[in-house]
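Asks: Build me a model:
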Amino acid sequence: MRRDMDLLRLLLLKLEVLHEDAHSICYYQYEELMVEGFTQDQVAYHLDLATEAGLVDQGGRGAMNGFMFKRLTWEGHDFVDAVRDNDIWKKTRQGANAAGGFSVDLLKDLAKGFIKKKISEHTGIEI
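Replies: This next block holds a predicted model:
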């Protein structure tokens, strides 16, 4: 199965909204985390990738048909904050695709570059 950064982004954004209690571990059925256009297997695979990448803390392992979730990690929050804006994400994806490849860290850094440019345009301050 191929890694899909759009799906990874959407899942992290969804987990951020769903999970409001920072002190509890929640169990989500995969059906609750589905993203239009993707299969349950793709969702499960990308949640595992997010865990492996250190973007989420599962807080344990659940049953085969769901995902235990404790919180986004610091890196997970940094990634979500960098790619939250749809316009920034679109530019980030275009830039990464033009370069011919990307990683989570590269996407985050590229998105942060676009955010810095946007801040500079609005404030006149170079960051």
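Asks: State the phi and psi torsions of the residue at the greatest distance from the centre of the chain.
Replies: Residue farthest from the centre of the chain, counting by CA atoms, centre = their mean, is Gly124 at 29.6 Å. Gly124 adopts backbone torsions of phi 80, psi 0, taken as degrees, to the nearest 10.
Asks: Give me the below-cutoff pLDDT ranges for the protein.
Replies: 62-63 (pLDDT under 70).
Asks: where along it do the strands fall?
Replies: 26-29, 56-57, 66-69, 71-72 (DSSP state E).
Asks: okay, now the domains of the chain?
Replies: 5-73, 79-123 (automatic domain parsing).
Asks: sorry, back to before: relative to Gly113, how far out is the residue farthest from the centre of the chain?
Replies: Distance, Gly124 to Gly113, using CB to CB, to the nearest Å: 18 Å. Placement of C-beta: from N, CA and C, glycine included.
Asks: just Ala99 next, same as before
Replies: For Ala99, the distance to Gly113 - CB to CB - is 13 Å.
Asks: just Arg3 next, same as before
Replies: 22 Å.
Asks: and the closest residue to Gly95 other than its chain neighbours, what is it in contact with?
Replies: Distances taken as CB to CB, 6 or more residues apart in numbering put Leu110 closest to Gly95, at 5.3 Å, once the chain neighbours are dropped. By CB atoms under 8 Å, 6 or more residues apart in numbering, the contact set of Leu110 is 92, 95-96, 102.
Asks: Taking the residues you listed, please make a ChimeraX selection of just the buried ones.
Replies: A single ChimeraX command selects the buried members of the contacts of Leu110 (16 or more other CB atoms under 10 Å):
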select :92,95,96,102
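Asks: Go through the contacts of Leu110 and name the one nearest Asp41.
Replies: Phe102 (22.8 Å; CB to CB).
Asks: now the closest residue to that closest one other than its chain neighbours: how far from Leu8?
Replies: Beyond its immediate neighbours in the sequence, the residue positioned closest to Phe102 (CB to CB, 6+ apart) is Ala96, lying 3.7 Å away. Using CB to CB, one gets 13 Å for the distance from Ala96 to Leu8.
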